[in-house]
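> when you get a sec, could you give me coordinates for this:
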Amino acid sequence: MKKTPLAKLKAKERKTRQNLIVTAAERLFSVKPFPKVSMRDIADESGISLSSIYRYFPDQESIFIEALTGGAIKIENRIKEITFRDGATIEEVAQTFMAFLIENDSYFRMMTHFMLDGVLNQSSVEKLNWIERAILDQFSGFFTLLNPKGNNRMMSHAFFAALNGILITYRNYPGRDIEDVHKHMKLLASVIARMFAATVMEGSV
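Below you'll find the model as predicted:
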């Protein structure tokens, strides 16, 4: 059964409010550990009443997962654009991943806050596992193109960890302006990518 114009309008309004809530929550989750962000905080940040927020999300955990899922899908799509192109390189994949998290710092902050402080229910953990697998699948698929017989899943895990390590280590590099920091991180991503390319081609993992 087709939706009436009124039903379509209500659905659009609902989606708009959900997006406002998630966007406000992203700002909070990027500066505060997940357990310290309350539904009241999100209501104040979004300008939407607390009672209204509960109509869209049962708790802050569900909002957190929604925000992280949205970010992961964007990252995955950007990497897909590279991996499906003829002649693409691991260096391009690394640069794409790094550039996205530099441009969208809130997603990286959310991930690290959760890794350090978050405790989620089993359903949310499964969703987060899906998020990570989606990104790892893209890396693994690319490594498989280079060496179909290699342990490409292990390589994708190591690659993911190495790129995140750059962000954790250097994003607040002391004594440098932000543009220099970003250039340094992208340069390190290229170095990591070339090392992984050599390892994959050798088939030593």
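
> alpha carbons only for contacts and neighbour counts from here, please
OK.

> next up, the contacts around Asp137.
Asp137 makes contact with 153, 156 under the criterion Cα atoms under 8 Å, 6 or more residues apart in numbering.

> quickly find the element holding it.
In this structure, Asp137 is located in helix 122-146 according to DSSP states H and E.

> what's the answer for Arg27, then?
Per DSSP H and E: helix 5-29 holds Arg27.

> elements contacting whichever helix or strand comes after that helix?
Per DSSP H and E, the first helix or strand lying C-terminal to helix 5-29 is helix 39-46. With contacts defined as 3 or more Cα pairs under 8 Å, 6 or more residues apart in numbering; DSSP states H and E, helix 39-46 has these neighbours: helix 5-29, helix 50-56.

> can you list the buried residues in the last one?
Of all the residues in helix 50-56, those buried under the rule 16 or more other Cα atoms under 10 Å are Ile53.

> contact partners of that helix?
With contacts defined as Cα under 8 Å, 6+ apart, helix 50-56 is touched by 18, 21, 39-40, 43.

> and the angle from the helix or strand containing His182 to helix 122-146?
Here His182 is covered by helix 178-202, with elements defined by DSSP H and E. Between helix 178-202 and helix 122-146, the angle comes out at 60 degrees (axes from the mean of the first three to the mean of the last three Cα atoms, to 10 degrees).

> please pull out the lowest mean pLDDT helix or strand from the chain.
Least confident helix or strand of the chain, by mean pLDDT, DSSP states H and E, is helix 105-117 with a mean of 76.

> keeping just the C-alphas, turn it into PDB.
Extracted in PDB, the C-alpha atoms of helix 105-117 (Å, rounded to 0.1, in the frame of the first residue of the first chain):
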ATOM      1  CA  ASP A 105      37.200  13.800  13.600                       C
ATOM      2  CA  SER A 106      34.000  13.200  15.600                       C
ATOM      3  CA  TYR A 107      33.800   9.600  14.300                       C
ATOM      4  CA  PHE A 108      37.300   8.800  15.300                       C
ATOM      5  CA  ARG A 109      36.800  10.400  18.800                       C
ATOM      6  CA  MET A 110      33.700   8.300  19.300                       C
ATOM      7  CA  MET A 111      35.500   5.100  18.400                       C
ATOM      8  CA  THR A 112      38.300   5.800  20.700                       C
ATOM      9  CA  HIS A 113      36.100   6.900  23.600                       C
ATOM     10  CA  PHE A 114      34.200   3.700  23.300                       C
ATOM     11  CA  MET A 115      37.300   1.500  23.100                       C
ATOM     12  CA  LEU A 116      38.600   3.100  26.300                       C
ATOM     13  CA  ASP A 117      35.400   3.500  28.300                       C
END
